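Participant: This is a predicted model, with the sequence first.
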Amino acid sequence: MYHELVCYDRTALDEEVRTDMFAAVKYEFNSIAVLPCYLQVAKESIVEGMDISAVIDFPYGVSDMPIRSHAIISAIRKGSTIIDLVVNNVYFINKKYDKFYDDIESASVICKENRVLLRAILEYRLFEYSDIVKMGNGLREVNIEYIIPSTNSQLDVWDDNLAISIELTEKAKTKVITNGNIWKKEQYQSIKKSGVFGVRLSGSAIENIK
């Protein structure tokens with residue numbers, strides 16, 4: 001299973017981020033996911049072979065594409081090897097599907113040119129399951145292989161997040177990194193048995209689980 005550390009705490013001290021990074025290195029995580037402002041700290045702390053993901057347009061994903069494009073380029077220049085783009089849910093809710101996917105494809109072009117991976121972050125609690133699966137299928141059709149179900153900026157629980165992760169895995173054939181509020185070993189073991197591609201953990205949960 002793919003393991004990723006996430007640090008989206010806007011109040012975290014640099015030293016706290018470093019502590020989380022060291023835990024991820026200790027347990028041989030595949031990648032770390034940070035706010036762009038922590039990219040430099042993350043870059044100093046990881047080991048060879050680990051990826052650094054920067055989240056773009058967090059948490060709402062409603063900025064115009066030129067702003068998002070600039071943020072993507074800036075994150076890549078600072079060392080990000082993965083871009084996590086918060087999708088524009090407003091377009092999807094209003095059935096402006098062309099704009100929704102054009103936005104994703106514009107980001108995809110930048111990432112391909114710079115040889116970095118683009119992943120999509122959704123906000124599954126805004127939608128019915130059927131709409132989320134529809135979105136997942138559409139994202140796969142524009143070559144987005146990896147999906148993270150939630151920004152974690154809204155109330156979320158690990159089993160609801162896992163349930164939609166399984167739906168996306170089975171019905172949209174995407175690689176999903178489940179990222180609910182996972183903090184118990186039993187929860188982690190259930191996720192490992194679920195068949196989803198990966199799991200995101202916060203630094204405070206790693207020692208409890210691993």
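Facilitator: Nice, I can see it. Numbers count the residues shown, from 1 in each chain.
Participant: CA atoms for contacts and neighbours, from now on please.
Facilitator: Will do.
Participant: OK, contacts around the residue nearest to the spatial centre of the chain?
Facilitator: The structure's the chain has its C-alpha centroid closest to I148; by CA atoms, centre = their mean the separation is 4.5 Å. Residues near I148 by CA atoms under 8 Å, 6 or more residues apart in numbering: 119-122, 176-179.
Participant: Let me know the distance separating it from K175.
Facilitator: Note on I148: its distance to K175, by CA to CA, to the nearest Å, is 9 Å.
Participant: now do Y146
Facilitator: Distance, Y146 to K175, by CA to CA: 5 Å.
Participant: likewise C111?
Facilitator: According to CA to CA, C111 and K175 sit 18 Å apart.
Participant: Ok, D159 next?
Facilitator: Applying CA to CA, the value for D159 to K175 is 18 Å.
Participant: Please say which of the two ends up with more neighbours.
Facilitator: Between D159 and K175, K175 has the larger neighbour count (other CA atoms under 10 Å), namely 21 against 17.
Participant: quick one: L39 is in a helix?
Facilitator: Yes - counting by DSSP: H, G, I helix; E, B strand; the rest coil, L39 is found in a helix.
Participant: residues touching it, list them.
Facilitator: Contacts of L39 (CA under 8 Å, 6+ apart): 52, 54, 75, 78-80.
Participant: Put the buried members of those into a PyMOL selection.
Facilitator: Command for PyMOL that selects the buried part of the contacts of L39, burial taken from 16 or more other CA atoms under 10 Å:
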select buried, resi 52+54+75+78+79+80
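Participant: which residues in this protein form helices?
Facilitator: 14-26, 39-45, 65-77, 89-93, 97-113, 129-141, 158-171, 185-194, 203-209 (DSSP state H).
Participant: Kindly compare burial across those helices and name the winner.
Facilitator: Among the helices of the chain, helix 158-171 has the highest mean neighbour count (mean count of other CA atoms under 10 Å), at a mean of 20.
Participant: And that helix, what does it pack against?
Facilitator: helix 129-141, strand 175-178, helix 185-194 (3 or more CA pairs under 8 Å, 6 or more residues apart in numbering; DSSP states H and E).
Participant: Report the backbone C-alpha coordinates of the first one in CSV.
Facilitator: These are the backbone C-alpha positions of helix 129-141, laid out as CSV (Å, rounded to 0.1, in the frame of the first residue of the first chain):
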residue,chain,number,x,y,z
TYR,A,129,-22.0,9.0,-4.4
SER,A,130,-23.2,8.7,-8.0
ASP,A,131,-21.9,12.2,-8.8
ILE,A,132,-18.5,11.5,-7.3
VAL,A,133,-18.2,8.3,-9.4
LYS,A,134,-19.2,10.3,-12.4
MET,A,135,-16.5,12.8,-11.6
GLY,A,136,-14.0,10.1,-11.1
ASN,A,137,-14.8,8.5,-14.5
GLY,A,138,-14.5,11.9,-16.1
LEU,A,139,-11.1,12.5,-14.5
ARG,A,140,-9.9,9.1,-15.6
GLU,A,141,-10.9,10.0,-19.2
